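**Student:** Sequence first, predicted model second:
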Amino acid sequence: MHDLRVEIEEANGRSEEANAFVEAVRRDWRQASLSAADRGLCEFAAKLTRKQAPMTEGDLQGLGELGLSDRAILDAVHVISLFNYMTRVADGLGVQLDGFLRDEFPRDR
């Protein structure tokens, strides 16, 4: 199975390539050159973040069919959910981003 971590590790020592790849993913993962597994994981994360009510066992099976183990799926769900939880806590408390983060992550996304 291809893995985003492997792609970044392979680019180690070629920082311009690695930076360009990370920037492409950050800008729009849908247009980035991702493996099927990484693209599926991004789609899963987007759905779990924005439309979690209609999540089904089929969403999990789809990740498994892309080569993710049960443990990898569990880890992904934990990380995605924790990030969403922390974001909502910060938003609920009116936490303001500092410095460059304000420009990188505008509230109206």
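**Tutor:** Structure received.

**Student:** Point to the residue nearest the middle of the chain.
**Tutor:** Per C-alpha atoms, centre = their mean, the C-alpha nearest to the average position across the chain is that of residue 42, at 5.0 Å.

**Student:** okay, that one: pLDDT?
**Tutor:** The model reports residue 42 with a pLDDT of 95.

**Student:** what's the answer for residue 20, then?
**Tutor:** Looking at residue 20, its pLDDT is 83.

**Student:** in the strand or helix carrying it, what counts as buried?
**Tutor:** According to DSSP states H and E, residue 20 maps onto helix 15-28. Of all the residues in helix 15-28, those buried under the rule 16 or more other C-beta atoms under 10 Å are 18, 21, 25. Every residue, glycine included, has its C-beta placed from N, CA and C.

**Student:** and whichever helix or strand comes after that helix, what does it pack onto?
**Tutor:** Scanning forward in sequence from helix 15-28 by DSSP H and E, the next helix or strand is helix 36-50. When contacts are defined as 3 or more C-beta pairs under 8 Å, 6 or more residues apart in numbering; DSSP states H and E, helix 36-50 packs onto helix 57-65, helix 70-92.

**Student:** Redo those as CSV? Include distance to residue 51 and mean neighbour count.
**Tutor:** Shown next, in CSV, are the helices and strands packed on helix 36-50 (distance: least, C-beta to C-beta, whole Å; neighbours: other C-beta atoms under 10 Å):
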stretch, distance to residue 51, mean neighbour count
helix 57-65, 10, 13
helix 70-92, 12, 12
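
**Student:** Just send these back as JSON lines, with mean pLDDT too.
**Tutor:** JSON lines is the format used below for these (pLDDT from 0 to 100):
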{"stretch": "helix 57-65", "mean pLDDT": "95"}
{"stretch": "helix 70-92", "mean pLDDT": "93"}
